[in-house]
Structure formats: C-alpha cells, structure tokens
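In: Take a look and give me a structure for this.
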Amino acid sequence: MLKDHNHDLIHQLSEISDSVWRIERMYQNTAEECPSCGALWAKLAHDYHDHIDMLADEIKKHIKEEKFD
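Out: Here you go, the predicted structure:
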C-alpha cells in the first residue's frame, strides 16, 4: 500500500487530469457562445497543465529517490 503522501500525489494528478480532459473536450466549446467563458476555460486548462507537470515531477523525484512506496 502506498504511503499517504504518495497516494495524495497520484490522486491529485488523476483529479486534475480528469478536469483538463473535460475542459478541453467539453467546456471550451462554449467559446462560440461566450468568448469570456472560452478564455476562462483556456486559462484554467493551461494552469492545470502546469499543475500536472508539477505533480508528475514530484512523483518522478520520489521514484528516483526510492521513496515511492
């Protein structure tokens, strides 16, 4: 079983990835109806991609340091 901090990293990565998937495939379609909503969704997706990178880097660090247990 994973330690809590490693589980939390994986869980958050999954949650944010799901959000990005929904934004990019469903929500950004509102840009035609409401440009400001489209801009909002695009900004959130961009920010979430940064968060995904941060989480993935931390997971890789734990694996490299053999602390992913």
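In: In contact with residue 16, which residues are there?
Out: Applying C-beta atoms under 8 Å, 6 or more residues apart in numbering, we find residue 16 in contact with 48, 51, 52, 55. (Each C-beta comes from the backbone N, C-alpha and C, glycine too.)
In: Could you measure from the residue found closest to the second one once you drop the neighbours it is linked to in the chain over to residue 1?
Out: What that stands for is residue 51. Nearest residue to residue 51, sequence neighbours excluded (C-beta to C-beta, 6 or more residues apart in numbering): residue 16, at 5.4 Å. Look at residue 16 and residue 1: by C-beta to C-beta, to the nearest Å, they are 23 Å apart.
In: quick one, strands of the protein?
Out: Using DSSP state E, no strands are found in the chain.
In: Residue nearest the middle of it, spatially speaking?
Out: When C-alpha atoms, centre = their mean is applied to the chain, the residue found nearest the centroid is residue 16 (3.1 Å).
In: okay, that residue: pLDDT?
Out: At residue 16, the model reports a pLDDT of 98.
In: Please renumber the chain so that the first residue is 201 from this point on.
Out: Right, with 201 as the first residue, what we last looked at is residue 216.
In: Sweet, I'm off.
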